[in-house]
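**Q** 3D, please:
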Amino acid sequence: MMRKREDAFGRMIYDYYMGDRSGSEIVERDDGYFDVSGGPGAYFREYRDWPPHERKAMEFARSPVLDVGCGAGRHALHLQERGLEVVGVDASPLAVKVAKARGLKRAHLLPITSVGAGLGVFGTVLMLGNNFGLFGSRKRGRWLLRRFKKMTTDNARIIAESVHVYRTANPEHRAYHKLNRERGRMAGQIRLRVRYGRYATPWFDYLFVSESELRDIVRGTGWHVERVLDSGGASYIAVIEKD
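**A** A predicted model of the protein is given here:
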């Protein structure tokens, strides 16, 4: 269970929901690199303001939907409003609290590694907002994909977003890719924590992968990449179906 002072992401979400629009999350990488997010407003963005590839991804959702890393619930709430049955899970207590307060009927405090058949059988596993990264590593990703196969329908889909990790001219990122390879990790396997005010999450792995790397992770787990929705920018969404 996450301690109160560790729920940096959730505190930012909660403060924004309660009317404090001044904060941003700071992402700290284990090589000392820092970055500041665009602010919590992105987690509350209405459907009409989503990028085209994200709106397109909603067309592939089949009920019931499991939204992994649901945050404030923007994807889950949209699908629920469309009449789909949706279950949201998140490791952040305050994020789950906000998602419920905003109207998500079913939201559970669970990390991705605790997701199992007890939640139900799903037609879609949703991992938007770059939440393919929650797999953390190639090994854990393949283990979780096999677990997802057992808790989904025969025609189920995983809709997962990631980042074109090698499309960067930033020398800090390129150096980090090199460092990761030297220590036997995938180039985009980021070790990070999130900070907000006096709050800081524990360190955790978050995985950014190229399209070819994503296909490699999925291959042999009972799933395959059916199509890719490209944003024309940093991110892309893979629609993954059962073999």
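**Q** Distance from the helix or strand of the chain with the lowest mean pLDDT to the middle of the chain?
**A** The helix or strand of the chain with the lowest confidence, counting by mean pLDDT, DSSP states H and E, is strand 34-36 at a mean of 95. Strand 34-36 sits 18 Å away from the centroid of its parent chain (C-alpha atoms, centre = their mean, to the nearest Å).
**Q** just checking, what packs against that strand?
**A** Where contact means 3 or more C-beta pairs under 8 Å, 6 or more residues apart in numbering; DSSP states H and E, strand 34-36 is packed against strand 26-29. Where C-beta positions appear, they are placed from N, C-alpha and C, glycine not excepted.
**Q** what's the longest strand along the chain packed up against?
**A** Using DSSP state E to define each element, the chain has its longest strand at strand 152-163. Using 3+ C-beta pairs under 8 Å, 6+ apart, the elements in contact with strand 152-163 are helix 52-57, strand 122-127, helix 138-150, strand 235-242.
**Q** what's the most buried one of the ones you listed?
**A** strand 122-127 (a mean of 24; mean count of other C-beta atoms under 10 Å).
**Q** circling back: arrange the helices and strands packed on strand 152-163 in a markdown table, one row each, with mean pLDDT as further columns.
**A** Shown next, in a markdown table, are those (pLDDT from 0 to 100):
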| stretch | mean pLDDT |
| --- | --- |
| helix 52-57 | 98 |
| strand 122-127 | 98 |
| helix 138-150 | 98 |
| strand 235-242 | 98 |
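**Q** mind putting those in TSV, distance to residue 195 included?
**A** Listed next are those as TSV, based on distance: least, C-beta to C-beta, whole Å:
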stretch	distance to residue 195
helix 52-57	26
strand 122-127	24
helix 138-150	24
strand 235-242	23
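**Q** Which residues in stretch 192-200 does the neighbour count mark as buried?
**A** 192-196, 199-200 (16 or more other C-beta atoms under 10 Å).
**Q** residues near residue 107, how many?
**A** For residue 107, the neighbour count with other C-beta atoms under 10 Å is 23.
**Q** list the contacts for it?
**A** Residues in contact with residue 107, defined by C-beta atoms under 8 Å, 6 or more residues apart in numbering, are 70, 73, 76, 87-90, 96, 99-100.
**Q** Mind checking which of the residues you listed are buried?
**A** Applying 16+ other C-beta under 10 Å to these flags 70, 73, 76, 87-90, 96, 99 as buried.
**Q** Dig out what residue 159 forms beta bridges with.
**A** residue 126, residue 239 (DSSP bridges).
**Q** Distance check, the closest residue to residue 17 other than its chain neighbours against residue 40.
**A** Spatial nearest neighbour of residue 17, excluding adjacent residues (C-beta to C-beta, 6 or more residues apart in numbering): residue 98 at 4.9 Å. Separation of residue 98 from residue 40 (C-beta to C-beta, to the nearest Å): 10 Å.
**Q** anything in contact with each of those two?
**A** With C-beta under 8 Å, 6+ apart as the test, residue 98 and residue 40 both reach residue 13.
**Q** about what we covered before: quick check, nearest of the contacts of residue 107 to residue 176?
**A** residue 90 (26.7 Å; C-beta to C-beta).
**Q** if I read this right, that closest one contacts residue 97, doesn't it?
**A** No: using C-beta atoms under 8 Å as the test, residue 90 is too far from residue 97 to be in contact (9.8 Å).
**Q** tell me the pLDDT at the residue of the chain positioned farthest from its centre?
**A** Here the chain reaches farthest from its C-alpha mean at residue 182, the gap being 26.4 Å by C-alpha atoms, centre = their mean. Residue 182 is assigned 98 on the pLDDT scale.
**Q** Relative to residue 198, how far out is it?
**A** According to C-beta to C-beta, residue 182 and residue 198 sit 34 Å apart.
**Q** Inside strands: which ones of the buried residues of stretch 192-200?
**A** 192-196, 199-200.
**Q** Much appreciated, bye for now.
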